[in-house]
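**Q** Next input, structure requested:
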Amino acid sequence: MSDLASRANVLALWSAPRSRSTAFFRMMCERGDFAVLHEPFSYLAEFGKVEVDGSYAQSETELLAEMRKMAARAPLFFKDTTDERYAGVLADERFLAEDAVHTFIIRHPAETIASYHAVNPGVRLHQIGFEAQYELFERIRQLTGTTPVVIDGDDLAADPARVVEAYSEAVGIPYRADTLSWQPESRPEWAPSERWHNDVSVSSGFSAAPRRTAGVDVREHPVLSGYLDHHLPFYEELRAHRLAV
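**A** Numbering: from 1, shown residues only. Next up, the predicted model:
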């Protein structure tokens with residue numbers, strides 16, 4: 001496959017929350033051949049503005065423009081979560097079809113819901129994220145006529161070398177085995193959402209160890225079981241397209 005820069009200068013990873021996307025982001029930081037942005041659309045939705053390379057964007061249109069400027073200088077990788085629906089992204093057909101290579105990471109919603117609830121017991125239905133993630137996936141597939149790359153966070157944790165190698169080949173970037181481990185640290189990129197990334201901050205690589213879930217049984221919970229029922233079909237649709245390794 002041709003290299004990333006011959007098709008687009010932005011590589012995106014869209015994640016349902018709590019799907020091990022921050023660990024993937026941490027790996028991408030180790031590469032050194034990409035500028036990186038951590039959850040720019042999520043930060044914009046949460047805080048009303050987001051910093052991109054020294055400038056502040058206060059709308060999705062402004063953010064997309066700043067990202068294009070940044071990517072014009074060097075390849076850009078960003079990861080974001082779909083706990084919100086990004087109407088500006090969905091409306092920008094050039095960004096979806098031409099200016100970026102969009103990829104996705106998933107994890108079974110029974111696990112992600114429990115993990116989300118452990119950090120924020122007030123989680124709402126849409127914040128689980130699979131519905132918005134699937135809408136974005138389908139929009140990109142319709143515009144490009146190709147199926148975006150999907151990886152499973154549990155596959156990644158179980159066999160990071162094989163999954164990252166397959167991902168790298170699929171998106172047209174060199175595979176770098178040396179990036180699968182790193183020094184534990186809290187990255188400045190995720191400082192605004194620090195409490196969500198404690199596990200990755202103390203990690204030195206991908207881990208298959210279960211996350212803390214505060215003992216909640218999602219399937220038996222009076223509210224969370226409904227969240228699972230709602231989001232499970234979207235997850236299953238995405239999982240049908242995941243990279244098999």
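**Q** so where do the strands sit in this structure?
**A** Under the criterion DSSP state E, the chain contains strands at 10-15, 35-38, 50-52, 55-57, 76-81, 101-106, 149-152.
**Q** Looking at these, which is nearest to P233?
**A** Closest approach to P233 among the strands of the chain (Cβ to Cβ): strand 101-106, 12.7 Å. All C-beta spots, glycine's among them, are computed from the backbone N, C-alpha and C.
**Q** Relative to the whole chain's centre, how far out is the closest one?
**A** The chain centroid and the centroid of strand 101-106 are separated by 7 Å under Cα atoms, centre = their mean, to the nearest Å.
**Q** Return the set of buried residues in that strand.
**A** The neighbour-count criterion (16 or more other Cβ atoms under 10 Å) identifies 101-106 as the buried residues of strand 101-106.
**Q** And for stretch 18-36?
**A** Those would be 18-29, 31, 34-36, for stretch 18-36 by 16+ other Cβ under 10 Å.
**Q** per-residue confidence for V200?
**A** Note on V200: pLDDT of 61.
**Q** Closest one to D178 out of the buried residues of stretch 18-36, please.
**A** The closest of the buried residues of stretch 18-36, once distances to D178 are taken by Cβ to Cβ, is R31, at 9.1 Å.
**Q** Turn the strands of the chain into TSV, including mean pLDDT and distance to E66.
**A** Listed next are the strands of the chain as TSV, based on pLDDT from 0 to 100; distance: least, Cβ to Cβ, whole Å:
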stretch	mean pLDDT	distance to E66
strand 10-15	97	12
strand 35-38	94	10
strand 50-52	93	4
strand 55-57	94	5
strand 76-81	97	11
strand 101-106	98	18
strand 149-152	97	25
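**Q** dump the residue contacts of Y86.
**A** Neighbouring residues of Y86 by Cβ atoms under 8 Å, 6 or more residues apart in numbering: 41, 45, 60, 80, 132, 136.
**Q** So which residues of the chain form helices?
**A** Using DSSP state H, the helices of the chain run over residues 21-31, 40-47, 60-73, 87-91, 93-94, 109-119, 130-144, 153-158, 160-171, 198-201, 224-239.
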